[in-house]
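kindly generate the corresponding structure for this input.
(2 chains)
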Amino acid sequence: GAVVSQHPSRVICKSGTSVKIECRSLDFQATTMFWYRQFPKQSLMLMATSNEGSKATYEQGVEKDKFLINHASLTLSTLTVTSAHPEDSSFYICSARSGWTHFNEQFFGPGTRLTVL
Amino acid sequence: DAKTTQPNSMESNEEEPVHLPCNHSTISGTDYIHWYRQLPSQGPEYVIHGLTSNVNNRMASLAIAEDRKSSTLILHRATLRDAAVYYCILRDITRNTGNQFYFGTGTSLTVIP
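Numbers count the residues shown, from 1 in each chain, chains lettered A, B, ... in the order given. Okay, the predicted model is just below:
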């Protein structure tokens, strides 16, 4: 199957700083990428959908000014958590898809563990 | 989006078959049924998907009820590596907004040696 990578896999930062997480599709072009957040013992929650070259669409309740998403190329999307606080500590997962038909599955990255002190 | 209902947890003995149920009584005609699984501290992994007919692949089988209001993921011989949270997700491919996945609570499968 297709491979999606995330960098970094773990990050620890101080409260008030910003953190950037990268999501790359390694062997396919991703027209759409998705960002999820997962708190311990909970399910994945979709944060936003990003299409290459256009603005991300955020789910209700997700602050777009706090979670900045850039999808500048067909293989790279970035999520920047601005002015991070301890409540932003979570497991952030991206996924990527090359098309919209049922043949085009979503492939998930391995996740990034963010800890805000 | 149509919702899915799964048992919170299930147990299986190693090398025995496992049947993981999913109810989706509000499924629409254009919803595909997807199954993903997530091992601890990893991203979800694709397992199988289908629309109306039963599906088989090297990982599992998917049995879809005739009225499509429920489905069952079948692992033919559970191994310890199959211990994971299994998510049943509906995806409407006719939507123009990106065909997002909305994850439910999933079923946590424990495999007993």
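
and for the residue in chain B that chain A sits nearest to, the neighbour number?
Closest residue of chain B to chain A, C-beta to the nearest C-beta: residue B:43 (3.6 Å). Yep, even glycine has a C-beta here, placed from its N, CA and C like the rest. Residues contacting residue B:43 under the criterion other C-beta atoms under 10 Å in any protein chain shown number 22.

once you drop chain neighbours, what's closest to it?
residue A:108 (3.6 Å; C-beta to C-beta, 6 or more residues apart in numbering or on different chains).

quick check: that neighbour vs residue A:11, distance?
Distance of residue A:108 to residue A:11, given as C-beta to C-beta, to the nearest Å: 19 Å.

so for these two, which residue has more residues nearby?
Between residue A:108 and residue A:11, counting by other C-beta under 10 Å, residue A:108 is the more crowded of the two (24 against 17).

what residues are bridge-paired with that one?
For residue A:108, the beta-bridge partners are residue A:95 (DSSP bridges).

wait, the residue of chain B closest to chain A touches residue A:111, no?
Yes: using C-beta atoms under 8 Å, residue B:43 makes contact with residue A:111 at a distance of 5.0 Å.

now do the shared contacts for these two.
A:6, A:93 (C-beta atoms under 8 Å, 6 or more residues apart in numbering or on different chains).

what residues does chain A put near chain B?
Counting by C-beta under 8 Å from any C-beta of the partner chain, the residues of chain A close to chain B are A:1, A:4, A:6, A:32, A:34, A:36, A:43-46, A:49, A:51, A:57, A:91, A:93, A:95, A:97, A:100-102, A:105-111, A:113.

if anything else comes up later, I'll come back, but that's it for now.
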